[in-house]
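Visitor: Quick one: sequence plus predicted model below, questions after.
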Amino acid sequence: MTKPPRHYATGGHRADAGSKPGPESLTRRLRWFRPHYLTAAGVAVALVIAGGVYASVQTGLPVDPPAAAATPSGTPAASPTTVKASPTPTVTHTGPASPKATHPPTTKAAPPKAVTVPASSAPAAPAGKSTKVPVAASKSAKVPAAAARAIGPELDEEIGEIIQANSAYAVGVSLIDLSDGVVHSYGAQGNFVAASTAKILAASAYYHLVETGRASLFAPLGSSTAGAQIRLMVQQSNNDSWALILAAVGQWGIADYAASIGITYDRTVNLLTPAEMARILQLLYTGRLLNAAHTAQLLSYMQNTNFETLIPPAVPPGIGVFHKYGLLFGNLHDASVLVKGGRAFVFVVYTRGVGYSDMGPRTWIIQQLTRTVTAALF
């Protein structure tokens, strides 16, 4: 079994040798066809248009079609414009006075099979503990049926016990049930160095430029195209691709974009709180950051990544995982959306320790929290 690429002290990541940009555009392919083939193709396209299923003419889609990628068969409902939002308050939970001791398991859960993104999505917005008032969702979002199992005092206590039993590390957890949008926060909730989890924010900022006509996924960028660089940045966590995307968006561009969704972000220091990262994933999955095509594409890049050793192995089979990990010096994070049927939860764990030497214990903490959360909610 080939091991995933290592993350060295520089934070540099490199894509697998097999990673390639998507296929060439239709226009470039057609130059190889003979005239009678073009005639037949023209007839076929006319029939498709007559049937009313030519996706690129839908109102609100960007001028540029998304780069080719394997996407889930269903997509979250989406609004074609970015929804500006106020900063998200969180419900902070404290653990019990006497935490229980924790010990690593002898066996690990098998990695889950990928599942499709559900067609329906929940409007999501935060609220305080005593007033759970979700923000109005985009018109296309739908509210799923009430969850049979919800975030409650028992789960709050279990998460608090795990965090307190591992107090040698800074551990911050944020959890959102997308059926009500309330943000539940545990442990350390200050700023962490976000490491590679912030690549989701960078990708969203570039997609937003495409949707507003200021950029193209097919624009040359580095040795490839912008669309290919986004895929390498998210799925392979390539830092060279990240630098190219950040340069294309601009320092003030990404700061302004983050502010439009209620987040203060400075790329030069790359700081986020667990709750802010959860907010980004909440808005992404519910279709309130990007249009439907770009939402599905970005989520597809958050599966089968080059580092599937944190949250994914601890998730039971049958639960879909869309995630982005972060690893840099003493920071080890994983930020995810967990999905099964019509239910979805944002689950973010940020940890800070000494360095690479204590990655093992912190990996175990992330997996223990994952098993606790999935057992309680699915």
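Guide: Cool, got the structure.

Visitor: Which strand residues bridge the closest residue to F218 other than its chain neighbours?
Guide: Spatial nearest neighbour of F218, chain neighbours left out: T225 (5.3 Å); criterion: C-beta to C-beta, 6 or more residues apart in numbering. To be clear about C-beta, it is placed using only N, CA and C from the backbone, and glycine gets the same treatment. When bridges are called by DSSP bridges, T225 pairs up with P220.

Visitor: Y169 versus T225, what's the distance?
Guide: Using C-beta to C-beta, to the nearest Å, we find T225 at a distance of 40 Å from Y169.

Visitor: Let me see the ranges of the helices in the stretch 101-250 of the chain.
Guide: Here the stretch 101-250 of the chain has its helices, by DSSP state H, counting those that start in this stretch, at 153-165, 199-211, 226-235, 239-249.

Visitor: which secondary structure elements does the first one contact?
Guide: This means helix 153-165. strand 91-93, strand 170-177, strand 183-187, helix 359-377 (3 or more C-beta pairs under 8 Å, 6 or more residues apart in numbering; DSSP states H and E).

Visitor: mind listing what's buried in that helix?
Guide: The neighbour-count check on helix 153-165 (16 or more other C-beta atoms under 10 Å) flags 155-165 as buried.

Visitor: Kindly reformat those residues as CSV containing distance to L178.
Guide: Below are the buried residues of helix 153-165 laid out as CSV (distance: C-beta to C-beta, whole Å):
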residue, distance to L178
L155, 16
D156, 18
E157, 23
E158, 21
I159, 18
G160, 22
E161, 25
I162, 23
I163, 23
Q164, 27
A165, 29
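
Visitor: Between these, which sits nearest T374?
Guide: Within the set of these, L155 lies nearest T374; the separation is 10.7 Å, counting by C-beta to C-beta.

Visitor: Skipping its backbone neighbours, what lies nearest that closest one in space?
Guide: L155 sits nearest to A376 (C-beta to C-beta, 6+ apart), 4.4 Å away.

Visitor: tally of neighbours for that neighbour?
Guide: Neighbour count of A376, defined by other C-beta atoms under 10 Å: 17.

Visitor: and stretch 202-216, average pLDDT?
Guide: Regarding stretch 202-216, the rounded mean pLDDT is 98.

Visitor: 139 is where my numbering starts, stick with that
Guide: New numbering, starting at 139: the last item is stretch 340-354.

Visitor: Send over it as PDB, restricted to the C-alpha atoms.
Guide: Output of stretch 340-354 as PDB, limited to C-alpha atoms (Å, rounded to 0.1, in the frame of the first residue of the first chain):
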ATOM      1  CA  ALA A 340      -9.100  30.200  -0.900                       C
ATOM      2  CA  ALA A 341     -10.900  27.800  -3.300                       C
ATOM      3  CA  SER A 342     -14.300  29.400  -2.500                       C
ATOM      4  CA  ALA A 343     -12.800  32.900  -3.000                       C
ATOM      5  CA  TYR A 344     -11.500  32.000  -6.500                       C
ATOM      6  CA  TYR A 345     -14.800  30.200  -7.500                       C
ATOM      7  CA  HIS A 346     -16.600  33.400  -6.400                       C
ATOM      8  CA  LEU A 347     -14.400  35.400  -8.800                       C
ATOM      9  CA  VAL A 348     -15.400  33.000 -11.600                       C
ATOM     10  CA  GLU A 349     -19.100  33.400 -10.800                       C
ATOM     11  CA  THR A 350     -18.900  37.200 -10.800                       C
ATOM     12  CA  GLY A 351     -17.100  37.200 -14.200                       C
ATOM     13  CA  ARG A 352     -13.700  38.300 -12.900                       C
ATOM     14  CA  ALA A 353     -11.700  35.000 -13.400                       C
ATOM     15  CA  SER A 354     -11.800  31.700 -15.300                       C
END
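
Visitor: Phi, psi for S474 please.
Guide: In terms of degrees, to the nearest 10, the main-chain angles of S474 are phi -140, psi 160.

Visitor: And S334, how close does it get to I289?
Guide: Distance from S334 to I289, by C-beta to C-beta: 27 Å.

Visitor: what number of residues lie near S305?
Guide: S305: 11 neighbours (other C-beta under 10 Å).

Visitor: I misspoke; the intended subject was G493.
Guide: For G493, the neighbour count with other C-beta under 10 Å is 12.

Visitor: for the closest residue in space to it that isn't next to it in sequence, what are its contacts?
Guide: With sequence-adjacent residues excluded and distances taken as C-beta to C-beta, 6+ apart, G493 is closest to G468, at 5.1 Å. By C-beta atoms under 8 Å, 6 or more residues apart in numbering, the residues touching G468 are 490-493.

Visitor: Okay then, goodbye and thanks.
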